[in-house]
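> with the sequence up front, the predicted model follows.
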Amino acid sequence: MRRDADKEEAAVYQRVVRKNGAPYHYLKTHLVLEDESVRLSAVELKLFIISGLKNLYGEVGAALTFDLLKYNEDTLSALLRVHSRGLVKLWSSLTLLGSFQGQACCLQGPAGVSVPAGAVRKQS
Amino acid sequence: MCADLERIPRTLLVSERSSFQNQKNQLSAHVGQHHFNYKVSVLLPECGSAPPLLDAALNGFSSFYLIRNLPVYMLLDQDFLQTAVHQGSVYGLSFGCRVDEDPCVALMPNGRLVLSLDKDSFELLGFERKKYRFTKRATSRYVVSVNFSDSSMTPGGRGYQRLLTGLKTHLPLVVDFLVSHHPGGTTALQPLLSRYDWSEHRPSVSTRCLANLPCPLLTSDLQSCDPHSVLDWLGAVDADVSCENSSSSFLSTMVCPEPKTTASSALNMSVSGFLNPHEIHHLIQELRSYLDQSQLASWVALTVHGFTDSPVSWAGDERSVLWSGNTFYSLLLFKDDTYQLHLATGAHHTCPP
């Protein structure tokens, strides 16, 4: 009986397709500043992105939760995580960020994926 | 407007659970159909140093070649078709091209050549195309797919001549091209390598030891943990993202999914390059042997990432990036010879087979 049960277990094949089920999306982005010598800390970068959300979407936009998972101060590149429903808002505000402390800037190459390791590879 | 702002890009995650004892398991087919692999990551919980056989398997990935400024019509060269395409498996992919903007070329081991072109390039080429699936209103990308095993695509055939003329005179595409051959290697690719500037590259291997790693409690059924959470966590470990955050952290709230345990040590090994599926299959067999012999580990994970700018996904289906460029699969192997396979695709891909 035990052997039969083992065989039955071995024969299991299950396939599940989940559509639009990814709770989070990940963005790899790179900040380009006019003055290349300026450096930001991770906290400053996150505050800068929140200010962009506030400018574009107001207080409700500023309340959007997102995570700064990884940040390299030398290259100014960051890995962000956001709930899938907030992806459009975050992406659009990143695209429209054009000025940091009075100097021109842009966030290059927001590239979205639904796993963090995939975002790491995407070139800007 | 609010609805549009909250629109979620289409994502697909196909999860399969089966056993190596099951003769009809699809694992080999899935691995074999994902032709263009950029990176393979392996996570071994409760492992402090690289097991010799796994280390050998990771270091044993074949070399690949980068040919600079290759005219695409050279892929239709008779010598090349005879020595490489019709003898074994050729993997070829344009390098440094963006799939949504630039012409991209892929040569698959089944002898199919795929060109992903914009409208102007396609009209210059003057060759028939498949209907592109992901743009419903204005078609912006055109996919030309030919199979060198078709009678019309044998040298001298009508389709062959038309494509050759198109690529030589009307649309003289030149790309940097990554290529590898199984099992022939350099000898089989000599017709291409002898005429152009090329360089040989070895896949690069890296190993990271992780101490006191919080791990989700994984079991072989699909019930224990939400697959999205597990994949997020695997990705975070691979990308060296910390999961030790509290809910009140300002920068990040990412944590290991519950229920969880702590692995006293873990090893994260990865190899990146232009990796062919035969060798990934060999690596999976080595992982099974390792798991059989290991006293402590109850599972191991392997994640394979495809090239973001490949114009094809599983089994040669077309793809693009635009919203989201997912193209990977994750395999969780368990001690009882069962496995979970998670295949993910992004907004502009077809469902994995």
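Perfect, thanks for sending it. Because the structure is predicted, anything quoted here is derived from the model rather than measured.
> phi and psi next, for B:Thr11.
Phi and psi for B:Thr11, reported as degrees, to the nearest 10, are phi -130, psi 150.
> do B:Ala236 as well
phi -70, psi -40.
> surely it is in contact with A:Leu69?
Yes: B:Ala236 is within contact range of A:Leu69, at 7.2 Å (criterion: CB atoms under 8 Å). Where C-beta positions appear, they are placed from N, C-alpha and C, glycine not excepted.
> which of the two has more neighbours?
Between B:Ala236 and A:Leu69, A:Leu69 has the larger neighbour count (other CB atoms under 10 Å in any protein chain shown), namely 27 against 24.
> give the contact list for that one.
Neighbouring residues of A:Leu69 by CB atoms under 8 Å, 6 or more residues apart in numbering or on different chains: A:Tyr26, A:Leu79, A:Leu80, A:Arg81, A:Pro116, B:Ala236, B:Ala239, B:Val241, B:Ser252, B:Met254.
> and the pLDDT for the second one?
According to the per-residue confidence, A:Leu79 scores 89 in pLDDT.
> quick check: it is in a helix.
No: judged by DSSP: H, G, I helix; E, B strand; the rest coil, A:Leu79 forms no part of a helix; its state is strand.
> the closest residue to it other than its chain neighbours sits in which helix or strand?
Of all residues beyond its chain neighbours, the one nearest A:Leu79 is A:Lys70 (4.1 Å), with distances taken as CB to CB, 6 or more residues apart in numbering or on different chains. Here A:Lys70 sits within strand A:66-72, counting by DSSP states H and E.
> quick one: strands adjacent to that strand?
Take DSSP bridges as the rule and strand A:66-72 pairs in its sheet with strand A:77-83 (antiparallel).
> what is the subsequent helix or strand relative to the partner strand?
Following strand A:77-83 in sequence, per DSSP H and E, is helix A:87-96.
> list the contacts for B:Val175?
By CB under 8 Å, 6+ apart, B:Val175 lies in contact with B:Asn69, B:Leu70, B:Val72, B:Ser94, B:Phe95, B:Cys97, B:Pro103, B:Val105.
> over to B:Tyr196?
B:Ile67, B:Arg68, B:Asn69, B:Leu70, B:Met74 are the contacts of B:Tyr196 under CB under 8 Å, 6+ apart.
> give me the phi and psi angles of it.
Per degrees, to the nearest 10, the backbone of B:Tyr196 is at phi -130, psi 170.
> what about it, distance to B:Leu251?
Relative to B:Leu251, B:Tyr196 is positioned 48 Å away (CB to CB, to the nearest Å).
> ditto for B:Tyr329
B:Tyr329 is 30 Å from B:Leu251, by CB to CB.
> next, work out how far apart B:Ile8 and chain A are.
5 Å (CB to the nearest CB, to the nearest Å).
> give me the nearest residue to that residue, chain neighbours excluded.
A:Ser84 (4.5 Å).
> the one you found and A:Ala22 touch, don't they?
Yes: counting by CB under 8 Å, A:Ser84 does reach A:Ala22; the two are 5.8 Å apart.
> those two: who's more crowded?
A:Ala22 (27 against 20).
> you'd agree that one is up against B:Thr11?
Yes: A:Ala22 is in contact with B:Thr11 according to CB under 8 Å; the separation is 4.4 Å.
> roughly how far out does stretch B:258-278 sit from the chain middle?
Stretch B:258-278 has its C-alpha centroid displaced from the chain centroid by 16 Å (CA atoms, centre = their mean, to the nearest Å).
> residues in contact with the closest residue to B:Ser252 other than its chain neighbours?
Leaving aside its sequence neighbours, B:Ser252 sits nearest to A:Asp67 (CB to CB, 6+ apart; 4.1 Å). Each residue near A:Asp67 by CB under 8 Å, 6+ apart is listed here: A:Leu80, A:Arg81, A:Val82, B:Leu251, B:Ser252, B:Thr253, B:Met254.
> coming back round to it: alpha carbons of the strand holding A:Lys70, in CSV - could you do that?
The C-alpha trace of strand A:66-72 is given here as CSV (Å, rounded to 0.1, in the frame of the first residue of the first chain):
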residue,chain,number,x,y,z
PHE,A,66,7.7,52.2,-2.2
ASP,A,67,11.0,50.7,-1.1
LEU,A,68,14.5,51.7,-1.9
LEU,A,69,16.0,48.2,-1.8
LYS,A,70,19.5,48.9,-2.9
TYR,A,71,21.5,52.1,-3.7
ASN,A,72,25.0,52.7,-4.9
